[in-house]
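Student: Could you look at this predicted model? Sequence included:
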Amino acid sequence: MAAVDPAAFKAGVRIGMPAAKAQAMISGLHLVDADPRGDASSIERLALWMLRQYTPVVAMDSPDGIVMDTEGADHLRGGELPMLTGLVNALRGHGLHARGAIADTWGSAHAMARATRREVIIVPVGETAKSVVDLPISSLRLPSDIVSGLAVLGFRTVGELSTTPRAPLALRFGPEVGRRLDQMFGRVVEPIDPIRTADLIEVTRSFSEPIGAAETIAKYIGKLVVELCAALEMRGQGVRRADLIIYRVDNTLQSLRAGTAKSVRDIPRLTKLLCSSIENIDPGFGIEKLSLAATMIEPFEEKQSISSLVEETIVDVTPLLDSFGNRGQRMYRLAPVESDVPERNVGRVSPIAAKLGQAWPTRWPRPSRMLARPERIEVIAVTPDHPPASMTWRGRRRRIKRGDGPERVFGEWWVRSSEMEAVRDYYSVEDEDGNRFWVYRSGDGVDPATGTAKWFLHGIYG
C-alpha cells in the first residue's frame, strides 16, 4: 500500500501493507493503482506555484514533499508563523492535507514535518539537536534496508544513533548514516537546487574570483537587471516579481525577492529595489555566482504620451508602493462591494486596481471607523422606532442627547439561509460629551423572527 485514506487507516490499513492482507482485513476494500509519475507531476506543479508565491529557492523533496529556503522572503508574508500557517491553509483550501515545518536544516525540517502530527511546527534557531533526538530513525531519509538493519540492532531514535561511534556504523551500513546525521544536525551543508522551468527568464553571472563587497554586488546586480530587461523586451513582457539567488563558495544559497505593483521594465527602479536589501546578504567566504530570474511576468503595455497645450499631471505612485511592499508592508485599497450588510459592502483590492463600478453608500452617513466585530451594548430605548436614550459600552454608561434613524438593513438570504427574515435597525447617536456612534438593534422590535432585539455598537464617527 503506497497510501491510505482516513477511513482505511481507521480500519487498520497501513502504508507498506500488502494489498492482499488489506483486502483480507476489509471486505469490499476499494483499491486504486498507484501513479508515482502523476504524483510527482502534481508536486512539481505545487513547487512552481510556491516558487512564484513564497520564495525563489524551492525544490522537490521526493516522493511526497517540497523544501523551501524562506530566509529573506518570509517577512513579505508577515513572518515565519503567518507564512507557514497561510501556506498550509491554502493547500487545505484546495483539498490537500499538508504539514509544514521550519527548522535550521533541510533534514530536521523534513523529519519534523513527517514524524509529528502538528500541521505547523517552527523549531527555534539553534534548537535543532534538542528537537530531533526523540524522532524515529525512519525520519533520517535512509533507505528502508538500512532502517530495518538499524532497528534489528536496537536503534529506535535519532538521539540513540547520534551518540553511537561512527566507525562500526560505517563499516556495516556505509557512509550514508553518518551523512544523514550530519545533514540533520547542520554539520554538513545540504544545498537546495532550485526548481526551474524551460520558459523561465533567468540571467546569471559567474565569477572567476569570489566577490563580497557591497559595492561590487550592487554593480553586478545592475548588470543583471539590464540583461533581464533586455530579455523581457524581446518577449514583450514586464516583470512583477524578480528573484536574486546568491551562490556562495561554501555551497550555500541566499536569496532576495523584489515585487512590483504592475509589470515593469524600468532598469533603475528594479536595480534600486534589489540593491535596497544588499545589507541582508552575508557573502561569507565569497560569492561565486549571481542569478536573477523573473518568476512572475505579465504583458507589458507601452504607453505613448500625447503632448497638448494643457498637460495633465499624473503622479505615478507605484514606485512608492513597491518600496513599501518590499519592506514587508501589505498594501491594499478599500473599495465598495455591492451589498447592503455593512460588514460586507467593503473589500480589499490591489492599490492600483481599476474602479469596480460600485459607489459608496450616500443616503446615510457611514462612520469613519468600523469595528472588526459589532460589540454588545446595554441600551434603554423605546421600541420599535426610537433611538436609545442611554447606552452602556465597555462598562461606561453614556447618556444620548441626539439620535437619527432608523436605517433598516435586511439580511441577504442568498448568502446565508439564516438571514431570510433577519433585520437590523441602525441609528446614529451622540452622547453628552459629543462622541458619535453607530449602533443597531437586531430585529425590527416587533417580530421575534427578525432578530434577538439585542443592541450592538458597530462603528464610531471620527
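Tutor: It's in.

Student: quick one: low-confidence parts of the stretch 201-350 of the chain?
Tutor: Residue ranges of the stretch 201-350 of the chain with pLDDT under 70: 302-315, 326-329.

Student: ranges for the strands of it?
Tutor: Applying DSSP state E, counting those that start in this stretch to the stretch 201-350 of the chain gives strands spanning 201-211, 237-248, 253-264, 287-299, 333-336, 346-349.

Student: Can I get those strands in JSON lines including distance to Ser162 and mean neighbour count?
Tutor: Just so you know, the C-beta spots here come from the backbone N, C-alpha and C atoms, and that holds for glycine as well. As requested, the strands of the stretch 201-350 of the chain are exported to JSON lines (distance: least, Cβ to Cβ, whole Å; neighbours: other Cβ atoms under 10 Å):
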{"stretch": "strand 201-211", "distance to Ser162": "33", "mean neighbour count": "14"}
{"stretch": "strand 237-248", "distance to Ser162": "27", "mean neighbour count": "22"}
{"stretch": "strand 253-264", "distance to Ser162": "26", "mean neighbour count": "20"}
{"stretch": "strand 287-299", "distance to Ser162": "32", "mean neighbour count": "19"}
{"stretch": "strand 333-336", "distance to Ser162": "53", "mean neighbour count": "14"}
{"stretch": "strand 346-349", "distance to Ser162": "49", "mean neighbour count": "14"}
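
Student: give the contact list for Val125.
Tutor: The neighbours of Val125, taking Cβ atoms under 8 Å, 6 or more residues apart in numbering as the test, are Asp104.

Student: Output the contacting helices and strands for the lengthiest strand in the chain.
Tutor: As assigned by DSSP state E, the longest strand anywhere in the chain is strand 396-410. With contacts taken as 3 or more Cβ pairs under 8 Å, 6 or more residues apart in numbering; DSSP states H and E, strand 396-410 sits against strand 388-393, strand 423-431.

Student: quick one: buried residues of that strand?
Tutor: Arg398, Ile400, Gly403, Gly405, Pro406, Glu407, Val409 (16 or more other Cβ atoms under 10 Å).

Student: Please verify my assumption that the fourth one contacts Asp425.
Tutor: Yes. With contact defined as Cβ atoms under 8 Å, Gly405 reaches Asp425; the gap is 6.7 Å.

Student: how would you label the nearest residue to Ser162 once chain neighbours are set aside: helix, strand or coil?
Tutor: Nearest non-adjacent residue to Ser162, counting by Cβ to Cβ, 6 or more residues apart in numbering: Leu181, 5.6 Å away. Look at Leu181: counting by DSSP: H, G, I helix; E, B strand; the rest coil, its state is helix.

Student: Could you count how many residues lie near Leu181?
Tutor: Leu181 has 22 neighbours, counted by other Cβ atoms under 10 Å.

Student: where do the helices sit along the stretch 101-250 of the chain?
Tutor: Taking DSSP state H, counting those that start in this stretch as the test, the helices found in the stretch 101-250 of the chain are 106-115, 128-132, 144-152, 158-162, 166-173, 176-185, 214-235.

Student: picking up where we left off before, wait, which of the buried residues of strand 396-410 is closest to Glu288?
Tutor: Distance to Glu288, by Cβ to Cβ, is smallest for Val409 among those, at 64.2 Å.

Student: so what's the closest one closest to, chain neighbours aside?
Tutor: Of all residues not flanking Val409 in the chain, Arg424 sits nearest, at 4.6 Å (Cβ to Cβ, 6+ apart).

Student: what's near enough to touch that neighbour?
Tutor: Arg408, Val409, Gly411, Tyr440, Arg441, Ser442, Gly443, Gly451.

Student: Distance check, it against Phe456.
Tutor: According to Cβ to Cβ, to the nearest Å, Arg424 and Phe456 sit 9 Å apart.

Student: shared neighbours, those two?
Tutor: Tyr440, Arg441, Ser442.

Student: wait, which of those is closest to Ser41?
Tutor: Ser442 (51.8 Å).

Student: what pLDDT does the closest one get?
Tutor: Predicted confidence (pLDDT) for Ser442: 95.

Student: just to revisit the earlier point, please work out which of the helices of the stretch 101-250 of the chain is packed deepest.
Tutor: When the helices of the stretch 101-250 of the chain are scored by mean count of other Cβ atoms under 10 Å, the highest mean neighbour count falls to helix 106-115 (a mean of 22).

Student: Can you show me the CA trace of it as CSV?
Tutor: Only the C-alpha atoms of helix 106-115 are listed here, as CSV (Å, rounded to 0.1, in the frame of the first residue of the first chain):
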residue,chain,number,x,y,z
TRP,A,106,16.6,20.6,5.4
GLY,A,107,17.0,17.3,7.2
SER,A,108,15.4,18.5,10.5
ALA,A,109,12.5,20.2,8.8
HIS,A,110,11.9,17.1,6.7
ALA,A,111,11.8,14.9,9.8
MET,A,112,9.7,17.3,11.9
ALA,A,113,7.0,17.6,9.2
ARG,A,114,6.6,13.9,8.9
ALA,A,115,7.2,12.5,12.4
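
Student: Can you give me the domain assignment for this structure?
Tutor: 1-34, 36-185, 201-299, 369-460 (automatic domain parsing).

Student: Out of those, the one nearest Ser339 is which?
Tutor: domain 369-460 (6.8 Å).

Student: Kindly check the end-to-end length of the closest one for me.
Tutor: 5 Å (Cα to Cα, to the nearest Å).

Student: residue contacts, the residue nearest to Ser162?
Tutor: By Cβ under 8 Å, 6+ apart, the contact list for Leu181 reads Leu140, Val158, Leu161, Ser162, Arg187.

Student: Please apply the same query to Tyr426.
Tutor: Pro342, Trp364, Gly405, Pro406, Glu407, Arg408, Val409, Trp438, Val439, Tyr440, His458.

Student: switch the cut-off to 6 Å
Tutor: Counting by Cβ atoms under 6 Å, 6 or more residues apart in numbering, Tyr426 touches Gly405, Glu407, Tyr440.

Student: Which pLDDT value belongs to the closest residue to Asp340 other than its chain neighbours?
Tutor: Nearest non-adjacent residue to Asp340, counting by Cβ to Cβ, 6+ apart: Val409, 5.4 Å away. At Val409, the model reports a pLDDT of 92.

Student: what's the answer for Met370, then?
Tutor: The model's pLDDT for Met370 equals 88.

Student: Looking only at the strand or helix carrying it, what residues are buried by neighbour count?
Tutor: Using DSSP states H and E, Met370 falls within strand 369-381. Going by neighbour count (16+ other Cβ under 10 Å), the buried part of strand 369-381 is Pro374, Ile377, Val379, Ala381.

Student: What strands line up against that strand, and which way round?
Tutor: strand 388-393 (antiparallel), strand 455-460 (antiparallel) (DSSP bridges).

Student: angle of the first one against strand 396-410?
Tutor: It stands for strand 388-393. For strand 388-393 against strand 396-410, the angle by axes from the mean of the first three to the mean of the last three Cα atoms, to 10 degrees is 110 degrees.

Student: tell me which residues of strand 388-393 are tucked away?
Tutor: For strand 388-393, using 16+ other Cβ under 10 Å, the buried residues are Pro388, Met391, Trp393.

Student: Give the residue farthest from the middle of the protein.
Tutor: Val382 (49.3 Å; Cα atoms, centre = their mean).
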